[in-house]
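Q: sequence and computational prediction follow.
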Amino acid sequence: MRLVDDRERRARLAVRHGLHPEHRASGPVGAAEAVVCLHATEAATVHLAVGARTRGTTPADVETALYEDRSLVKQLAMRRTLFAFPRDLLPAALGVALSRIAPEQRRLIARDAARHGIAADGDAWLDAAGAAVVDRLTGSPALPARALREELPELSGAITVNADKRYGGTFNLAPRVLTWLGAEGRLTRGPNAGHWRLSKPAWTLLPDWLGESIAPLPLDDAYAQLVRRWLARFGPGTLEDVQWWLGATKGATRAALTAVGAVEVALERERTGWVLPDDLDPVADVSPWAALLPTLDPTTMGWRHREAYLDPAHRELLFDSNGNGGSTAWWDGRIVGAWVQDDDGVVSVVECPGTDLGGEGRSALALEAQRLTAWLDGVRITNVYSSRLMKGEALP
């Protein structure tokens, strides 16, 4: 087996992910294609991830791709996570959502509707609520969840859970019904009612939004297409890396690797990885580069095993217990810190303890901070997933 060492893996991600200044993507769609799709759990991540991988692209250009050209479409898919997909990947994304996510969401919503006394028959209640939403949106402009809930009695109903916990409370079922309909491919998130850094979607019928119907791929075909794209951009990766990203079983992941003809290569730390059969040639090294990536960026989140670009001693400073990454500062292919903003929106880099960037690295990251400050133009980003380093917390 050919060895693909850590240095080559870092060179691959620098070029293929559009992070090296000589290999920027051409625009929002190109930036998404560079990492297969963009994380959209936090609305600002989509825009910031594009900005980090392109030249001259503004937040307004990303808005155009999402809401006018609709060349990027938000869809719940792998790991029950919201992504912004290039349009040609929607059949695969919908195949995963329809086969894996929608049935589970249906089961949970119907269970909660019955358990909390909203309806004696939770499945019947959910069917009626879903039909009412689709009927209301047929021939209608997009509507936010609150408007649909207020107009449609079929959507009324709330549950109280974990009332004694910080994360508990009383929650309407209506947003979950809309999420389920989105996983089924009947609805999609349309225009955003708020600023680009916030998520305030209005919902609409998917064929109305796209001007065409999208046929979901069978699950096995969907997995194979997604794995092929992942290997082209993230490979090599271990079986566990691919499985984690895909959110599938180990058996389904192995089948997808077989379907695309993936080839084994040796990795450092006595691991075995996979690449596409036409991707065995060595990749040349690249000059040092710096990047500031947003919370949940696809590169930061792309692999389960992250030692090739992350010092394990810094993991708890940069990732939460579920593996959600905060903002990151990169120097020459490694995560070396995070970035934050002050009250005026000025970006600065917070280095991981014990990191020796040297003068070149520190200067390069300072320039990236200036570039991001100008790109944001006074907009301050708030994050749900803020790492300990972003909060200024030290390890115990």
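A: Nice, I can see it.
Q: neighbours around I118, how many?
A: Burial of I118, expressed as a neighbour count using other Cβ atoms under 10 Å, amounts to 19. Where you see a C-beta, it was placed from the backbone N, CA and C, and this is true even at glycine.
Q: run the chain-centre distance for the top helix by length along the chain.
A: Across the chain, the longest stretch assigned as helix under DSSP state H is helix 358-376. Taking Cα atoms, centre = their mean, to the nearest Å, one finds helix 358-376 lying 25 Å from the centre of the chain it belongs to.
Q: give me the contact list for that helix.
A: When contacts are defined by Cβ atoms under 8 Å, 6 or more residues apart in numbering, helix 358-376 is touched by residues 51-52, 58-59, 288-292, 329, 331-332, 336-337, 339, 341, 345-349, 357.
Q: out of those residues, which are inside strands?
A: When strands are assigned by DSSP state E, the members of the contacts of helix 358-376 inside them are 290-292, 329, 331, 336-337, 339, 341, 347-349.
Q: filter the residues you listed down to the buried ones.
A: Neighbour-count burial (16 or more other Cβ atoms under 10 Å) applied to the ones in strands among the contacts of helix 358-376 gives 290-292, 329, 331, 336-337, 339, 341, 347-349.
Q: between which two of those is the distance greatest?
A: Set against one another by Cβ to Cβ, these have their most distant pair in W331 and Q341, with a gap of 19.7 Å.
Q: report pLDDT for E393.
A: The predicted local distance difference test score for E393 is 85.
Q: any idea which element the nearest residue to it once chain neighbours are set aside lies in?
A: With sequence-adjacent residues excluded and distances taken as Cβ to Cβ, 6 or more residues apart in numbering, E393 is closest to L317, at 8.0 Å. Using DSSP states H and E, L317 falls within helix 315-318.
Q: now that helix: buried residues?
A: For helix 315-318, a neighbour-count test (16+ other Cβ under 10 Å) marks 317-318 as buried.
Q: the closest residue in space to L267 that isn't next to it in sequence bridge partners, please.
A: Closest residue to L267 apart from its sequence neighbours, by Cβ to Cβ, 6+ apart: G273 at 4.6 Å. Taking DSSP bridges as the rule, G273 bridges to V265.
Q: which stretches of the stretch 51-200 of the chain have low pLDDT?
A: Regions of the stretch 51-200 of the chain meeting the criterion pLDDT under 70 cover residues 163, 167.
Q: all helices of it, in order?
A: Under the criterion DSSP state H, counting those that start in this stretch, helices of the stretch 51-200 of the chain are mapped to 59-67, 90-96, 102-115, 122-137, 145-151, 174-183.
Q: which among those helices is found nearest to R228?
A: That would be helix 90-96 among these, by Cβ to Cβ, at 9.6 Å.
Q: for that closest one, which outside residues touch it?
A: When contacts are defined by Cβ under 8 Å, 6+ apart, helix 90-96 is touched by residues 37, 73, 75, 77-78, 83, 85, 185, 210, 214-219, 221-223, 225-226, 247.
Q: and it, how far out from the chain's middle?
A: 15 Å.
Q: now it - C-alpha only, CSV.
A: The C-alpha coordinates for helix 90-96 follow below in CSV (Å, rounded to 0.1, in the frame of the first residue of the first chain):
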residue,chain,number,x,y,z
LEU,A,90,-30.0,17.1,-4.2
PRO,A,91,-31.2,13.7,-5.4
ALA,A,92,-28.6,12.1,-3.2
ALA,A,93,-29.3,14.3,-0.2
LEU,A,94,-33.0,13.7,-0.6
GLY,A,95,-32.4,10.0,-0.9
VAL,A,96,-30.7,10.0,2.5
